[in-house]
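Trainee: Sequence and predicted model, in that order:
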Amino acid sequence: MLEDLFQYIWKMKLFDTNNLHTTDGESITLFQVGLHNLNSGPDFLNAKIKIGQTLWAGNVELHIKSSDWLLHKHQSDPSFQNIILHVVYTDDKPLFYADGKPIKTLVLKNHISNDVIQKYQSFKQNNHNIACEKSISSVPKPFVHTYLESIIVKRLEHKSQHIEKLLAENQQHWEQSFYLQLASNFGFKVNQVPFELLARNTPLGIIAKHKENIHQIEALLFGQAGFLNDTFTESYPLMLQNEYAYLKKKFQLVGIDKHLWKLSRMRPVNFPTIRIAQFAALIHQSSHLFSKIIAAEHPNELIKLFKVAASPFWDGHYTFDAATHQLKKNIGKAAIENLIINTIVPFIFVYGKHYGNEDKCELAIELLEKLSPEKNTITQLWTLAGVKPNNALQSQALIELKNNHCDQKKCLQCGIGHFIIKNN
Ligand code: SF4
């Protein structure tokens, strides 16, 4: 028996509460087990317990063995001198307060079912990616879905931290912070870092001055990304090269190294060259993008804003050095939804929080509910375990659950874990 499990069993009353007695034979009736105290002092505060004929209100201390009281030196700590009950798993030593009176003790060993202990041990000891993957299918779907809804705010709050950092770095400049976050998201994990570096080295103010001219935006972005340092034969990259040389000198720009970009094992439609060209097209085709995003109320309005295609040169190219078959390079639906989930929704949430606008925070959650679930290694693991997300709210919550609960085996603090331990 471990201390955290014992505390959990007490907190959740996962024991037979009938026929409870102190070690000296007084009957015990539990009204409230108390509030779990995570700071110094007794383990549970403000419990309400009837011992014999007296109703007590006060603190409770828990130990695996009663002798732990002495081991932890509670006998000389004033905050433990007025506890109303000492709850132990086994009683190996009679205990007394400083004034010599016996400490009222409840022994729980024979009141705890082995099933509870075994369930807990199976969570702790198995090496599955999701410790409860063999038993989660026994949890009713509506319960799982409601639990996921309760987690989504935590997911958005975690994501908010990065945006708040960006806002602080950029003197609360929403458009610049949004530009940095959107650029980094355009890298779609593999090229997230170089995309963010590209945006950091190419201030939004300079891009905005040239937003009416797609060639100048492309010259700036491809030049800064290091893609215009090669020797070209086709007229389009040569023109961008000249344009960039002029703009670089004018604004004293410093670009990034082309080798930072990853192209290997990637489908050509996801090449960084294509993503940069789409990013350039988005900047070129949208005015006041951030304001429009904040004003949007439905995913379809957002999807419409991101329905852009790379400039015509890219219809016949995936890179600057080789012509290919003709194909319009639109931003695909899955990529747009990914941008909405990972950039737009968190920004709307932070904006709502920042301006005390709860409707915006709720809208962020509603948008997730209306978008398709993400397909990635984490959602695949959940699907294999029998929890298939129906929308992006559920897929985001499952990612949060896996990263911040399952990976740390926090099953005792998880609603699903609690359901399994209690009901199986
Ligand atoms: S934290 Fe919850 S969902 Fe994750 S493995 Fe434990 S019980 Fe299952």
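Mentor: Thanks, I have the structure now. Everything quoted here is computed from the prediction, not taken from an experiment.
Trainee: Going by C-alpha atoms from here, please, whenever you check contacts or count neighbours.
Mentor: OK.
Trainee: Tell me the residues of the chain that contact the ligand?
Mentor: With Cα under 6 Å from any ligand atom as the criterion, the chain meets the ligand at residues 130-132, 402, 405-406, 409-411, 414, 416-417.
Trainee: try 8 Å
Mentor: Within reach of the ligand by Cα under 8 Å from any ligand atom, the chain has these residues: 123, 129-133, 136, 401-402, 405-418, 420.
Trainee: mind listing the strands for the stretch 51-200 of the chain?
Mentor: 54-65, 85-90, 105-107 (DSSP state E, counting those that start in this stretch).
Trainee: which one of those is the most hemmed in?
Mentor: strand 105-107 (a mean of 22; mean count of other Cα atoms under 10 Å).
Trainee: residues in contact with it?
Mentor: By Cα atoms under 8 Å, 6 or more residues apart in numbering, the residues outside strand 105-107 that reach it are 20-23, 85-91.
Trainee: how about the strands of the stretch 51-200 of the chain in JSON lines, adding mean pLDDT?
Mentor: Listed next are the strands of the stretch 51-200 of the chain as JSON lines, based on pLDDT from 0 to 100:
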{"stretch": "strand 54-65", "mean pLDDT": "96"}
{"stretch": "strand 85-90", "mean pLDDT": "96"}
{"stretch": "strand 105-107", "mean pLDDT": "97"}
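Trainee: With distance to residue 254 as new columns, can the ones you listed be given to me in JSON lines?
Mentor: Formatted as JSON lines, the strands of the stretch 51-200 of the chain follow (distance: least, Cα to Cα, whole Å):
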{"stretch": "strand 54-65", "distance to residue 254": "62"}
{"stretch": "strand 85-90", "distance to residue 254": "67"}
{"stretch": "strand 105-107", "distance to residue 254": "71"}
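Trainee: Check which element follows the helix or strand that residue 5 is a member of along the chain.
Mentor: Taking DSSP states H and E as the definition, residue 5 sits inside helix 3-11. On the C-terminal side of helix 3-11, the closest following helix or strand by DSSP H and E is strand 20-21.
Trainee: so what pLDDT did residue 39 get?
Mentor: The per-residue pLDDT reported for residue 39 equals 88.
Trainee: Please report the distance of it from residue 45.
Mentor: 11 Å (Cα to Cα, to the nearest Å).
Trainee: Those two: which has the busier surroundings?
Mentor: Neighbour totals were compared for residue 39 and residue 45, and residue 45 leads with 19 against 7 (other Cα atoms under 10 Å).
Trainee: contacting residues for residue 349?
Mentor: Residue 349 neighbours (Cα under 8 Å, 6+ apart): 156, 160, 360-364.
Trainee: ok, and the most crowded of those?
Mentor: Of the contacts of residue 349, with other Cα under 10 Å as the count, residue 364 tops at 27 neighbours.
Trainee: so what's the backbone phi/psi at residue 211?
Mentor: Here is the backbone geometry of residue 211 (degrees, to the nearest 10): phi -70, psi -20.
Trainee: nearest spatial neighbour of it, skipping sequence neighbours?
Mentor: Once flanking residues are discounted, residue 211 sits nearest to residue 284: 5.0 Å by Cα to Cα, 6 or more residues apart in numbering.
Trainee: Would you mind measuring from the one you found to residue 260?
Mentor: 25 Å.
Trainee: Over to residue 46?
Mentor: Residue 46 is 58 Å from residue 260, by Cα to Cα.
Trainee: ok, the two, which is more surrounded?
Mentor: A count of neighbours by other Cα under 10 Å puts residue 46 above the other of residue 46 and residue 260, at 18 against 14.
Trainee: a strand runs through the more buried one, doesn't it?
Mentor: Yes: per DSSP: H, G, I helix; E, B strand; the rest coil, residue 46 lies within a strand segment.
Trainee: can you pull the contacts of the residue lying closest to it once chain neighbours are set aside?
Mentor: Nearest residue to residue 46, sequence neighbours excluded (Cα to Cα, 6+ apart): residue 58, at 4.6 Å. Residues in contact with residue 58 (Cα under 8 Å, 6+ apart) are 45-48, 82-84.
Trainee: again with residue 218
Mentor: 240, 276-277, 280.
Trainee: for residue 281, same thing?
Mentor: Counted by Cα under 8 Å, 6+ apart, residue 281 has contacts 214, 308-311.
Trainee: Compare the residues you listed and tell me which has the most neighbours.
Mentor: Using other Cα under 10 Å as the neighbour criterion, residue 310 leads those with 23 neighbours.
Trainee: Pull up the gap between that residue and the ligand, please.
Mentor: Distance from residue 310 to the ligand, counting by Cα to the nearest ligand atom, to the nearest Å: 42 Å.
Trainee: Just the pLDDT at that residue, thanks.
Mentor: So, for residue 310, pLDDT stands at 97.
Trainee: Name the helix or strand for the nearest residue to it once chain neighbours are set aside, please.
Mentor: Nearest residue to residue 310, sequence neighbours excluded (Cα to Cα, 6+ apart): residue 278, at 4.6 Å. Residue 278 is located in helix 272-285, with elements delineated by DSSP H and E.
Trainee: sorry, back to before: just send the contacts of residue 281 back as CSV, with secondary structure and distance to residue 350 too.
Mentor: Formatted as CSV, the contacts of residue 281 follow (DSSP: H, G, I helix; E, B strand; the rest coil; distance: Cα to Cα, whole Å):
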residue, secondary structure, distance to residue 350
214, helix, 31
308, coil, 26
309, strand, 29
310, coil, 30
311, coil, 33
